[in-house]
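Asks: I'll drop the sequence and a predicted model, then ask my questions.
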Amino acid sequence: MILRKETLFVTKPVIVLGGGGHAKVVVDALRLSGIDIVGIADKNSKVGESIFSDLPVLGGDESVLNYSREEVELVNGLGSFPGYNLRTELFHFFSEKGYRYQTVVHPAAIVSDGVLLQQGVQVMAGAVIQPGAVVGLNSIINSRASVDHDCVIGNSCHVAPGAILSGNVTLGDSVHIGTGAVVIQSIDIENKVVVGAGAVVTSNIPKNSIVYPARSIIKEGESNEP
């Protein structure tokens, strides 16, 4: 299902999957948006205890199955890291059982009219998405990331904090754009590429590649600066 930015709405309470750092950020966005949170499904916390101030732990992932897919929607609170597939696996596990994932847009994000956000997309505080962009299933546009006009972002991608995609950039599925990385205009990046933090991408990247940033060069000796 594709949602236009201007048609985003909430019809059901949500269960957040995971109780770690990314879940904490997502919970903050949900609260600021006035979304009702039933609780947290997290295997690493004790059932009945409260986390994130006052949210009850419902149990592990299996606790979701105690709730009908007609009464709740899900929010994927697992983080996204290169080589870490649990977030994607969890998304597909519950999707196949008929559960729907809520799309989350932090109130401090700027999402232009006409942007297409697919199910489960998360747009964090300070992020900017410009007209004509499409963001695929289960993808994260993280804090202060910038996605310019007409970019197409695949499924289960992560555009990390402070990363910049110039206009007409295309990302395949499961692409990680590291913190502070920059991709110039009209670049195609294929599936499962990792762009390292701070890297600058100026040419197309084939699938399964890793793009490393330039190394800092440290010279020993006294500086000539006063």
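Replies: Structure received.
Asks: Tell me what the closest residue to residue 30 other than its chain neighbours is bridged to.
Replies: With C-beta to C-beta, 6 or more residues apart in numbering as the criterion, residue 30 has its nearest non-adjacent residue at 5.8 Å, and that residue is residue 37. Bear in mind the C-beta positions are built from the backbone N, C-alpha and C, glycine included. Judged by DSSP bridges, the bridge partners of residue 37 are residue 14.
Asks: what sits against residue 37?
Replies: 13-16, 27, 30-31, 55 (C-beta atoms under 8 Å, 6 or more residues apart in numbering).
Asks: Now which of the residues you listed would you call buried?
Replies: In those, burial by neighbour count holds for 14-16, 27, 30, 55, counting by 16 or more other C-beta atoms under 10 Å.
Asks: List just the nearest of the residues you listed to residue 49.
Replies: Closest approach to residue 49 among those (C-beta to C-beta): residue 55, at 9.8 Å.
Asks: where's the nearest residue to residue 61 once chain neighbours are set aside relative to residue 213, distance?
Replies: In space, residue 61 comes closest to residue 41 once its chain neighbours are excluded; the distance is 5.5 Å by C-beta to C-beta, 6+ apart. Separation of residue 41 from residue 213 (C-beta to C-beta, to the nearest Å): 36 Å.
Asks: ditto for residue 50
Replies: Per C-beta to C-beta, residue 50 is found 41 Å from residue 213.
Asks: Tell me the secondary structure of the closest residue to residue 99 other than its chain neighbours, please.
Replies: The spatially closest residue to residue 99, leaving aside those adjacent along the chain, is residue 69, at 4.7 Å (C-beta to C-beta, 6+ apart). Put simply, residue 69 is coil when judged by DSSP: H, G, I helix; E, B strand; the rest coil.
Asks: Touching, residue 155 and residue 140? I think so.
Replies: No - using C-beta atoms under 8 Å, residue 155 is not in contact with residue 140; the gap is 11.4 Å.
Asks: Between the two, point out the one with more neighbours.
Replies: Neighbours per residue (other C-beta atoms under 10 Å) separate residue 155 from residue 140, with residue 140 holding more: 29 against 22.
Asks: List the buried residues in stretch 121-136.
Replies: 121-130, 132-136.
Asks: Which two among these are spaced furthest apart?
Replies: Of all pairs in the buried residues of stretch 121-136, the most separated under C-beta to C-beta is 125 and 132 at 22.6 Å.
Asks: just for this protein, where's the confidence low?
Replies: 1-11, 216-219, 221-226 (pLDDT under 70).
Asks: Who are the contact partners of the most centrally placed residue in it?
Replies: In the chain, the centroid-proximal residue (C-alpha atoms, centre = their mean) is residue 140; its distance is 1.4 Å. Applying C-beta under 8 Å, 6+ apart, we find residue 140 in contact with 80, 121-122, 124, 157-159.
Asks: Next, work out how far apart it and residue 67 are.
Replies: Counting by C-beta to C-beta - residue 140 and residue 67 are separated by 24 Å.
Asks: what do you get for residue 139?
Replies: According to C-beta to C-beta, residue 139 stands 25 Å off from residue 67.
Asks: the more surrounded of the two?
Replies: Shown here are residue 139 and residue 67; by other C-beta under 10 Å, residue 139 has more neighbours (24 against 19).
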